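> need a structure here:
(2 chains)
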Amino acid sequence: MPAAATAPSSAADQAAPPLLQVDRLTVRFGPHEVLRDIAIDVAAGETLVILGESGCGKTVLLKSMIGLVRPSGGDVRFEGRSLGRLGDRQLAHLRTRYGFVFQGAALFDSASIADNIAFPLREHTRLSEAEIRPIVESLVDEVGLPRSALAKKPVEVSGGMRKRAGLARALALDPQLILYDEPTTGLDPIMSDVINELILRVRRRPGVTSVVVTHDMHTARKVADRIVMLYPVARLRQDEPQIVFDGTPDRLASSRDPRVRQFVEGRAGSRIDELREEQGLAAAGGRGDGDDTEDSR
Amino acid sequence: MPAPAATAASPPGIAGWLADRVADLGELAIGWVASIGDVVLFALRTLGWIVARRQRREVLLPSFYQIGVMSLPVVALTGLFIGMVLAVQSYAQFKSLGLETRLGSVINLSLVRELGPVLAATMLAGRVGSAMAAELGTMRVTEQIDALESMGANPIYYLVVPRFLGCLVLIPSLTVMADFMGVLGGYLYSHLVLGIDYHHYWENSRAYVDAFDFLMGISKSFFFGAAIALVSCHHGFHCAPGAEGVGRAATNAFVHSFVLILVLDLFLGIGLNHLHDFIHPDGPRRLL
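The predicted model follows:
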């Protein structure tokens, strides 16, 4: 049986089929199970935030959504089409409808910021360089990058600028679904909020659906229509679902699940003891909360 | 993985120990076969993309510049010294037989058949192969390869094909350079230092080194270039996380490329000698 329940949907969700369906997804790397029986429907136009502590499989889930990670079990469907059944060319074509903002921006080191942003346009359109240039400039303006950054290499600009350049590149083909992997990690609070504002602005583009993976509660509260929280498989009992919360930000705040509360309030609790036990440093008979198994990664 | 279960089910004592060793060997063999299969699939995908889509000039040229132009000085320098070293090492033997004027034939034959192509390939593996593995490994670790895929671009087409074509197309030029500089180094040392008459030196070289020997070296270099590019790019693509993973990918790229160059050299040498015998059934030319 599916371990994770799908979120209670809004009326709009029920009327239209979901844009993206994650159906009983399981991912293993060798003996390590990272995702177990994940079931999530992402409705067109919604902003879904996937929360969870480090190592719980959030990024793996996000990469599975675009076919960068192959499932060990289950399926991911975009508009009803299973990613696993698509050929290389079909999958490449489908990916032009996605935008992916990577944690470290993943800009090409050898190319300038302008060439990075122009890459999807050169790859998938027949636009001339004269036509591409104004598009790149408008994207740069949209994410608040100075035009002087266009000629620079990624290593010559700050982390915040790299993230915004990564977002501009992800927006170049006007995607339907934008996936953000830890968009605010490593940024100062002001720049983090700039990124949150950009996510909100991008959401206002017509027909844009967003999935944001983060462990930043501020980002989650600010941008989410709906929040899904994952828990590391290694700390679950056999019959427990990996999704420990699925609902609106308001419901998250009032959740009584101790695992959710601990994360939302950012308390270490007994986690430090668990970590020490896992490292074999804790005294014999150390106390846990019933989740005292080995760490996931 | 089933390994822990197999270990747990092993009988005790010497039989259990033996069973474990057999299981280890089996696992090792499966790993090797899987790795070789992986490289072969990687090579087939690369060849497929060469045929499927034309490369852009602006992508190819930087690769060609890095692989070919930047490697020329180091290949030329090592070729020059190897030619001179050959003269130094062979002279005493040939002089004891009174055949020092034949030095040119053995130096030049060794260079164009073996040392030129192997030297050029080794330098290419060291200078370019490890750099390719490190560069692609860093791209893997920093998710740049994932970024390419996420934008619907094929990483093999963008990252491997230009490097493969660069190695394949330019290694013959590097081999010619290594041959030329080796021949020059050998002659300069033999003539200027050892005092061998230049007329006899070149006359004997001309008599014993023919176009087949030269083409044999060049034809081998194509295989070496392809092997270096594929092995190095494969290591880069499958790089383990972190700085250690990138370092290991670069080291393994060179070591595996070098071993493969020597293995290919042996088998290509045997095959091309048979071809020579087929073309010249009167047998090999006698040096002495």
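
> any idea where the helices of chain B begin and end?
B:3-9, B:13-52, B:57-67, B:72-96, B:103-110, B:116-124, B:130-141, B:144-150, B:155, B:161-188, B:198-208, B:211-237, B:242-279 (DSSP state H).

> Dump those helices to a markdown table, plus mean neighbour count and distance to chain A.
(C-beta placed from N, C-alpha, C; glycine too.) Putting the helices of chain B into a markdown table (neighbours: other Cβ atoms under 10 Å in any protein chain shown; distance: least, Cβ to the nearest Cβ, whole Å) gives the following:
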| stretch | mean neighbour count | distance to chain A |
| --- | --- | --- |
| helix B:3-9 | 10 | 8 |
| helix B:13-52 | 12 | 9 |
| helix B:57-67 | 16 | 8 |
| helix B:72-96 | 18 | 22 |
| helix B:103-110 | 24 | 40 |
| helix B:116-124 | 27 | 20 |
| helix B:130-141 | 24 | 8 |
| helix B:144-150 | 22 | 4 |
| helix B:155 | 20 | 11 |
| helix B:161-188 | 23 | 12 |
| helix B:198-208 | 16 | 45 |
| helix B:211-237 | 23 | 14 |
| helix B:242-279 | 16 | 13 |
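
> right, so of those, which gets closest to A:Leu61?
helix B:144-150 (14.4 Å; Cβ to Cβ).

> The closest one packs against which elements?
Contacts defined by 3 or more Cβ pairs under 8 Å, 6 or more residues apart in numbering or on different chains; DSSP states H and E place helix B:144-150 against strand A:98-101, helix B:130-141, helix B:155.

> The first one close to chain B?
Yes: for a cut-off given as Cβ under 8 Å from any Cβ of the partner chain, strand A:98-101 has contacts with chain B, namely A:Tyr98, A:Phe100.

> Return the set of residues that bridge with the spatially most central residue of chain A.
In chain A, the centroid-proximal residue (Cα atoms, centre = their mean) is A:Val213; its distance is 3.1 Å. Beta-bridge pairing for A:Val213 (DSSP bridges): A:Ile50, A:Asp181.

> quick one, what contacts it?
A:Val49, A:Ile50, A:Lys58, A:Thr59, A:Leu61, A:Leu62, A:Leu179, A:Tyr180, A:Asp181, A:Glu182 (Cβ atoms under 8 Å, 6 or more residues apart in numbering or on different chains).

> contacts for stretch A:184-203?
Here stretch A:184-203 has contacts from A:47, A:103-104, A:142-144, A:159-160, A:163-164, A:167, A:171, A:178, A:180, A:183, A:208, A:210, A:212, A:214-216, A:218-219, A:222-223, using Cβ under 8 Å, 6+ apart.

> Give me the subset of those residues that lies in helices.
Taking DSSP H as the definition of helices, those contribute A:Glu142, A:Gly159, A:Gly160, A:Lys163, A:Arg164, A:Leu167, A:Leu171, A:His218, A:Thr219, A:Lys222, A:Val223.

> Can you select the buried ones from the residues you listed in PyMOL?
Provided next is the PyMOL selection string for whichever of the ones in helices among the contacts of stretch A:184-203 are buried by 16 or more other Cβ atoms under 10 Å in any protein chain shown:
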select buried, chain A and resi 142+160+163+164+167+171+219+222+223
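
> For chain B, state which of the ones in helices among the contacts of stretch A:184-203 is nearest.
Distances from chain B to the ones in helices among the contacts of stretch A:184-203, taken as Cβ to the nearest Cβ, are shortest for A:Leu171 (11.7 Å).

> That closest one contacts A:Glu142, correct?
Yes: applying Cβ atoms under 8 Å as the test, A:Leu171 and A:Glu142 come out as touching, 7.1 Å apart.

> contacting residues for B:Gly217?
So B:Gly217 contacts B:Val112, B:Arg113, B:Glu114, B:Gly116, B:Pro117, B:Thr175, B:Asp179 (Cβ under 8 Å, 6+ apart).

> How about B:Met123?
B:Ser71, B:Val74, B:Val75, B:Thr78, B:Leu174, B:Ala178.

> just the residues of the stretch 1-150 of chain A that are near chain B, which are they?
For the stretch 1-150 of chain A, the residues in contact with chain B (Cβ under 8 Å from any Cβ) are A:30-31, A:63, A:66, A:68, A:88, A:91-96, A:98, A:100, A:102-104, A:106-110, A:119-120, A:123-124.

> Show me which of these are buried.
For these, a burial check counting by 16+ other Cβ under 10 Å picks out A:63, A:66, A:68, A:91-92, A:94-96, A:98, A:100, A:102-104, A:106-108, A:119-120, A:123-124.

> any chance you could map the strands in the stretch 101-250 of chain A?
A:177-181, A:209-214, A:226-230, A:243-247 (DSSP state E, counting those that start in this stretch).

> Could you export the second one as PDB, CA atoms only?
Only the C-alpha atoms of strand A:209-214 are listed here, as PDB (Å, rounded to 0.1, in the frame of the first residue of the first chain):
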ATOM      1  CA  THR A 209       4.200  25.700 -11.300                       C
ATOM      2  CA  SER A 210       7.000  25.600  -8.800                       C
ATOM      3  CA  VAL A 211       8.500  22.900  -6.600                       C
ATOM      4  CA  VAL A 212      10.900  24.300  -4.000                       C
ATOM      5  CA  VAL A 213      13.200  22.000  -1.900                       C
ATOM      6  CA  THR A 214      14.500  23.700   1.200                       C
END
